[in-house]
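Colleague: turn this into a structure:
(one chain, ligands or ions: 1)
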Amino acid sequence: MKQKVLVTRKPPEHILQLLNDHFELMLWDCEEEQIPREFLLEQISEVDGVLCLLTEHIDEEVINKGKGLKVISNLAVGYNNIDVEYASSKGIMVTNTPGVLTETTADLTFALLMATSRRLVEASDVLREGKWKTWSPMFLTGMDVYGATIGIIGLGEIGAAVARRAKGFGMELLYYNRTQKPALEQELGIHYVSKEELLRRSDFVCVLTPYTKETENLITLKELKTMKKTAILINTARGGIVNEADLVTALTEGIIWGAGLDVFAEEPIPVDHPLLTAPNVVALPHIGSASVQTRTKMWELAARNLIEALEGRTPPHLVNK
Ligand code: DGY
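Modeller: As a prediction, the model looks like this:
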């Protein structure tokens with residue numbers, strides 16, 4: 001008899017086929033609508049494994065309902081939506097999808113950095129709204145990228161990929177990380193500094209660290225006040241790493257110059273949220289890894305993790321300690 005698996009969003013056809021070959025599937029058959037919590041709680045009690053998204057909170061309540069649950073396969077590299085400690089205590093494997101999204105997320109991070117510094121969204125709106133009167137010297141002027149200093153908080157795979165792009169743009173490179181990375185320092189000429197020095201010296205502060213208890217509110221008003229008045233904050237990691245109320249204060253009071261944000265504490269961010277009307281903010285709907293190629297690879301890897309785990313082999317990307 002086939003094992004049962006819950007998939008919390010409609011996968012591409014070839015993934016559906018692959019999963020169907022291995023398992024009896026329970027599927028939340030929507031592409032753009034989240035599985036209702038009640039439905040998740042009901043279905044989880046029936047299955048051996050779940051392939052879920054970062055939109056699902058796999059907490060104690062869900063895990064307790066999953067009496068026969070053996071594996072939680074997350075379609076993301078981040079897994080802050082899952083209580084890994086509790087899952088581990090119940091002997092449940094948790095897997096993620098690192099590697100395949102590194103370059104795509106670094107591309108988006110850099111695109112956001114460029115868009116924010118050169119005011120691309122605002123400039124495009126000005127043109128479309130018929131507000132472009134004439135070429136004028138200081139019209140829509142932004143901040144230089146070439147020659148500027150970038151400070152990367154969290155020099156993991158994505159951080160390193162962003163650093164490579166920054167090097168190509170002739171930037172000076174700083175980083176702050178839990179551990180020092182001598183090989184990357186050698187390869188990229190990137191310098192390890194304290195968080196305080198990074199904030200003080202950087203023109204662009206890029207948040208690329210995982211979201212954990214330790215990194216929650218890593219950037220508050222204190223850190224924002226340490227940054228240059230002309231500096232830009234970029235966050236493509238997780239919203240909760242930056243205190244959003246403090247960021248609104250910093251932007252409206254001119255404590256920093258701008259922010260490029262792909263992630264928010266609450267997603268979707270309410271449209272009347274003050275961050276969306278604060279000056280010099282480019283806001284995106286969590287699209288860091290959103291290319292057709294990468295999202296397809298993420299599905300493939302999440303499916304592979306699930307299959308390996310339920311067929312008794314070690315899945316390629318196990319996150320339990
Ligand atoms: C992740 O994988 O954690 C991203 O936020 C979505 O790709």
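Colleague: contact residues of the stretch 201-321 of the chain facing the ligand?
Modeller: 288-289 (Cβ under 6 Å from any ligand atom). Heads up, the C-betas are built off the backbone N, CA and C, glycines and all.
Colleague: can you map out the helices along the stretch 1-150 of the chain?
Modeller: Ranges of helices in the stretch 1-150 of the chain, per DSSP state H, counting those that start in this stretch, are 13-22, 37-44, 60-65, 84-89, 102-117, 120-128.
Colleague: which one of these lies nearest to Met138?
Modeller: When the helices of the stretch 1-150 of the chain are compared by Cβ to Cβ, helix 120-128 sits nearest Met138, at 13.3 Å.
Colleague: per-residue confidence averaged over the closest one?
Modeller: When pLDDT is averaged over helix 120-128, the result is 98.
Colleague: on that earlier part again, most tightly surrounded among the helices of the stretch 1-150 of the chain?
Modeller: helix 102-117 (a mean of 22; mean count of other Cβ atoms under 10 Å).
Colleague: how about the CA coordinates for that helix, as PDB?
Modeller: What follows is helix 102-117, C-alpha atoms only, in PDB (Å, rounded to 0.1, in the frame of the first residue of the first chain):
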ATOM      1  CA  THR A 102      21.100  30.900  -4.400                       C
ATOM      2  CA  GLU A 103      21.900  32.700  -7.600                       C
ATOM      3  CA  THR A 104      18.300  33.700  -8.400                       C
ATOM      4  CA  THR A 105      17.900  35.200  -4.900                       C
ATOM      5  CA  ALA A 106      21.200  37.000  -5.200                       C
ATOM      6  CA  ASP A 107      20.000  38.400  -8.600                       C
ATOM      7  CA  LEU A 108      16.900  39.700  -7.000                       C
ATOM      8  CA  THR A 109      18.800  41.100  -4.000                       C
ATOM      9  CA  PHE A 110      21.000  43.000  -6.400                       C
ATOM     10  CA  ALA A 111      18.100  44.100  -8.600                       C
ATOM     11  CA  LEU A 112      16.400  45.500  -5.400                       C
ATOM     12  CA  LEU A 113      19.600  47.300  -4.400                       C
ATOM     13  CA  MET A 114      19.800  48.900  -7.800                       C
ATOM     14  CA  ALA A 115      16.100  49.700  -8.000                       C
ATOM     15  CA  THR A 116      16.200  51.400  -4.600                       C
ATOM     16  CA  SER A 117      19.400  53.300  -5.000                       C
END
